[in-house]
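S.K.: Sequence and predicted structure, then a few things I'm wondering about:
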Amino acid sequence: MSDWTEGYVADIGYTFGYYAELNPQRVKLAFLNAGYAFPATGAACELGFGQGISVNVHAAASVTRWYGTDFNPAQAGFAQELAQGCESGAQLFDESFDAFCNRPDLPDFDYIGLHGIWSWISDENRTVITDFIRRKLKVGGVLYISYNTQPGWAAMAPLRDLLTEHAELMGAPGLGIVPRIDGSLDFAQKVLATDAAYARANPAVPKRLEQLKGQDRNYLAHEYFNRDWLPMSFSRMKGWLEDAKLTYVCSAHYLDHIDVINLNPEQQKLINEIPDRMFRETVRDFLVNQQFRRDYWVRGARQLPMLDRLEMIRQQRLVQVVTRSDISLKVSGALGEASLQEDIYGPVLDLMSDYKVRTIGEIEHALRESPLSFAQLMQIVVILVGKSAFHAAQDDADIKVAAKRTAKLNRELCLRARALSANIALASPVTGGAVAVSRIEQLFILAIERKIASPVEWARMVLSLLMEQGQRVVKAAVTLEDNAAQLEELLSQATVFKERRLPLLQALRVC
């Protein structure tokens with residue numbers, strides 16, 4: 001009998017995360033910042049969509065036709081229900097990569113995305129996927145791919161092998177994956193506690209192990225306990241994707257574009273002296289101890305003339321997706337945390353805090369009396385997009401088409417939030433993607449939809465739902481037991497939601 005899981009963890013579901021990097025809308029500014037042309041996205045595909053939050057958001061919130069597969073039928077079933085409910089037309093399957101990639105009814109794609117898949121599959125499946133990309137990605141089409149990489153995983157890889165071997169040999173299969181994970185973590189801690197030479201040679205590993213013990217077991221199961229797992233160097237990834245006629249363009253993680261927060265002056269000088277841009281990426285991974293890459297590749301890279309590039313940058317539409325008071329003037333890179341100057345960033349944030357869509361050219365014009373150069377404005381924009389404070393915005397016509405579907409999807413997600421606490425994102429037709437909305441906020445939105453008028457009544461409705469399920473409100477990592485204290489905390493959250501968050505979500509047409 002064949003094993004349909006192919007060594008991938010299947011007895012526990014993947015997380016309900018939303019991954020913004022999978023949104024094709026993010027491609028435009030990243031490519032323009034790097035100086036390359038980008039395609040329009042008529043058809044897109046996500047391989048290994050997990051619970052399907054991202055693919056459903058992107059299918060509902062844009063005019064792009066989406067396809068995808070996830071081998072786990074429980075996850076695919078959940079994703080299909082969401083797609084059918086919002087009538088997005090997304091074609092989602094529960095097929096293996098081999099079966100899906102050889103379907104005769106698939107279109108050619110402008111965009112193919114894989115998030116958190118490549119490092120956890122076999123070489124056989126990597127061969128299937130690269131062949132699929134070679135055949136089905138259009139000329140000019142974009143591949144987004146993320147993967148664990150060296151050298152950031154060099155010290156941790158042996159511990160990961162110890163964990164998985166213990167789970168396989170010493171754990172009791174009948175107990176399920178979670179007890180085996182717990183047993184493996186405890187055993188690894190015992191090994192390191194014996195003054196193991198490996199721990200002395202790799203002093204960061206014991207701390208990393210302690211962090212793992214506090215993480216979600218669904219995440220750990222899929223991150224660490226699959227049969228196949230291979231952190232791959234950039235140069236080796238290049239070898240795989242060049243066979244599919246792809247060229248590396250840039251990182252999909254916008255903060256990687258800002259050298260000053262990632263590389264010291266000596267490192268910047270070294271990188272700039274390397275003529276081969278592919279080898280620069282390999283060296284850069286050593287300089288920042290890269291552990292996880294999020295990359296854009298394209299089939300047929302075309303550099304833009306400077307004039308065309310500047311014109312297209314100025315036409316790029318942006319919207320602020322976080323309240324002004326929630327935007328920290330701190331940014332983290334490989335060099336640590338850096339401060340952003342209020343006198344430089346403040347005017348841009350103040351301008352965009354009305355949540356109106358503006359082009360970069362319009363922002364430039366509005367700030368024409370400031371001493372900012374266009375290059376400085378671009379760096380500000382890239383950093384704020386990288387901090388998820390700004391998102392790219394779609395054209396008005398696309399927003400109008402998508403709004404009907406996102407309303408249906410968000411209503412379904414809010415209804416599920418009554419019992420499901422895992423999803424913390426709702427779709428915005430303005431951005432073509434999702435914005436963070438907590439479970440409690442989703443329940444407030446549900447109350448508003450039910451014509452419940454006041455924050456007091458919102459809080460009472462939410463408390464009633466939680467009490468029915470034996471759940472409690474958590475404040476500052478402390479579970480509140482007293483009903484009056486829970487209601488007081490919910491009322492506080494409801495008041496803040498009405499005053500600060502609701503105007504933002506309404507402007508983004510989330511509710």
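M.R.: In hand now; what should we look at?

S.K.: List the buried residues of the helix or strand encompassing residue 81.
M.R.: Assessed by DSSP states H and E, residue 81 sits inside helix 73-86. Within helix 73-86, the residues scored as buried using 16 or more other C-beta atoms under 10 Å are 75, 76, 78, 79, 80, 82, 83, 85, 86. Every C-beta, even on glycine, is put in place using the N, C-alpha and C of the backbone.

S.K.: okay if I get those as a markdown table plus pLDDT?
M.R.: Shown next, in a markdown table, are the buried residues of helix 73-86 (pLDDT from 0 to 100):
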| residue | pLDDT |
| --- | --- |
| 75 | 91 |
| 76 | 94 |
| 78 | 93 |
| 79 | 95 |
| 80 | 96 |
| 82 | 95 |
| 83 | 95 |
| 85 | 93 |
| 86 | 94 |
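
S.K.: Any chance of those in JSON lines with distance to residue 398 as columns?
M.R.: Converted to JSON lines, the buried residues of helix 73-86 look like this (distance: C-beta to C-beta, whole Å):
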{"residue": "75", "distance to residue 398": "28"}
{"residue": "76", "distance to residue 398": "27"}
{"residue": "78", "distance to residue 398": "27"}
{"residue": "79", "distance to residue 398": "23"}
{"residue": "80", "distance to residue 398": "24"}
{"residue": "82", "distance to residue 398": "20"}
{"residue": "83", "distance to residue 398": "19"}
{"residue": "85", "distance to residue 398": "21"}
{"residue": "86", "distance to residue 398": "16"}
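
S.K.: average model confidence for stretch 87-102?
M.R.: Mean per-residue pLDDT for stretch 87-102: 96.

S.K.: neighbouring contacts of it?
M.R.: 4, 6, 47-49, 52, 55-56, 59-60, 65-73, 75-77, 79-80, 83, 103, 106, 121, 125, 128-129, 131-132, 136, 405, 408-409 (C-beta atoms under 8 Å, 6 or more residues apart in numbering).

S.K.: Could you pull out the strands in the stretch 51-200 of the chain for me?
M.R.: Here the stretch 51-200 of the chain has its strands, by DSSP state E, counting those that start in this stretch, at 65-69, 91-93, 109-114, 137-148.

S.K.: is it possible to export the ones you listed to CSV including mean neighbour count and distance to residue 342?
M.R.: Formatted as CSV, the strands of the stretch 51-200 of the chain follow (neighbours: other C-beta atoms under 10 Å; distance: least, C-beta to C-beta, whole Å):
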stretch, mean neighbour count, distance to residue 342
strand 65-69, 24, 41
strand 91-93, 21, 45
strand 109-114, 25, 36
strand 137-148, 21, 33
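
S.K.: Which of those strands sits closest to residue 443?
M.R.: strand 91-93 (26.8 Å; C-beta to C-beta).

S.K.: still on that earlier bit, quick one: work out the angle between the helix holding residue 81 and strand 65-69.
M.R.: Angular relation of helix 73-86 and strand 65-69 on a 0 to 180 degree scale: 160 degrees, by axes from the mean of the first three to the mean of the last three C-alpha atoms, to 10 degrees.

S.K.: which of the buried residues of helix 73-86 lies closest to residue 310?
M.R.: Among these, and counting by C-beta to C-beta, the member closest to residue 310 is residue 86, at 37.9 Å.

S.K.: The closest one: what's it in contact with?
M.R.: Contact analysis of residue 86 by C-beta under 8 Å, 6+ apart lists 56, 59, 60, 405, 406, 408, 409, 412.

S.K.: Among the residues you listed, list the two that are farthest apart in space.
M.R.: Across these, the longest distance by C-beta to C-beta is 13.3 Å; it joins 59 and 412.

S.K.: With neighbour numbers in mind, choose between those two.
M.R.: residue 59 (31 against 17; other C-beta atoms under 10 Å).

S.K.: Does that one touch residue 66 like I think?
M.R.: Yes - Residue 59 lies in contact with residue 66 (C-beta atoms under 8 Å); the separation is 3.9 Å.

S.K.: Residue 502: which of the strands of the stretch 51-200 of the chain is closest?
M.R.: strand 65-69 (29.2 Å).

S.K.: tell me the mean pLDDT for that closest one?
M.R.: Strand 65-69 shows a mean pLDDT of 98.

S.K.: That strand pairs with which strands?
M.R.: Next to strand 65-69 in the sheet, as set by DSSP bridges, lie strand 43-47 (parallel), strand 91-93 (parallel).

S.K.: How far away from the center of its chain is that strand?
M.R.: 17 Å (C-alpha atoms, centre = their mean, to the nearest Å).

S.K.: now stretch 226-234
M.R.: Relative to the mean C-alpha coordinate of its chain, stretch 226-234 is positioned 19 Å out (C-alpha atoms, centre = their mean).

S.K.: cool, and stretch 286-296?
M.R.: Offset of stretch 286-296 from its chain centre (C-alpha atoms, centre = their mean): 15 Å.

S.K.: Ok, stretch 353-365 next?
M.R.: Centroid separation between stretch 353-365 and its chain, computed with C-alpha atoms, centre = their mean, is 25 Å.

S.K.: Which residues outside it are in contact with it?
M.R.: Residues from elsewhere that reach stretch 353-365 (C-beta under 8 Å, 6+ apart): 313-320, 323-324, 348, 351-352, 366, 374, 377-378, 381, 393, 430, 503-504, 507-508.

S.K.: Buried only: go through those for me.
M.R.: Judged by 16+ other C-beta under 10 Å, buried ones among the contacts of stretch 353-365: 313-314, 316-320, 323-324, 348, 352, 377-378, 381, 393, 430, 504, 507-508.

S.K.: so residue 257 sits right up against residue 35, yeah?
M.R.: No - with contact taken as C-beta under 8 Å, residue 257 and residue 35 are classed as non-touching, separated by 11.5 Å.

S.K.: Could you count how many residues lie near residue 461?
M.R.: 19.

S.K.: Dihedrals phi and psi, it?
M.R.: With angles defined as degrees, to the nearest 10, residue 461 sits at phi -60, psi -50.

S.K.: contacting residues around it?
M.R.: Applying C-beta under 8 Å, 6+ apart to residue 461 gives the contacts 443, 447, 450, 452.

S.K.: I'd like the distance between it and residue 467.
M.R.: For residue 461, the distance to residue 467 equals 11 Å [C-beta to C-beta, to the nearest Å].

S.K.: ditto for residue 218
M.R.: Distance, residue 218 to residue 467, by C-beta to C-beta: 26 Å.

S.K.: more crowded one of those two?
M.R.: Set residue 218 next to residue 467 and count neighbours by other C-beta under 10 Å: residue 218 wins out with 20 against 13.

S.K.: about what we covered before: how about the helix holding residue 81 as PDB, C-alpha atoms only?
M.R.: The C-alpha coordinates for helix 73-86 follow below in PDB (Å, rounded to 0.1, in the frame of the first residue of the first chain):
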ATOM      1  CA  PRO A  73      -8.100  16.100   2.300                       C
ATOM      2  CA  ALA A  74      -9.200  17.700   5.600                       C
ATOM      3  CA  GLN A  75      -7.400  20.900   4.900                       C
ATOM      4  CA  ALA A  76      -8.500  20.900   1.200                       C
ATOM      5  CA  GLY A  77     -12.100  20.300   2.300                       C
ATOM      6  CA  PHE A  78     -12.000  23.300   4.600                       C
ATOM      7  CA  ALA A  79     -10.500  25.500   1.900                       C
ATOM      8  CA  GLN A  80     -13.100  24.300  -0.700                       C
ATOM      9  CA  GLU A  81     -15.900  25.300   1.700                       C
ATOM     10  CA  LEU A  82     -14.600  28.800   2.000                       C
ATOM     11  CA  ALA A  83     -14.100  29.100  -1.800                       C
ATOM     12  CA  GLN A  84     -17.600  27.900  -2.500                       C
ATOM     13  CA  GLY A  85     -19.100  30.100   0.200                       C
ATOM     14  CA  CYS A  86     -17.700  33.300  -1.300                       C
END
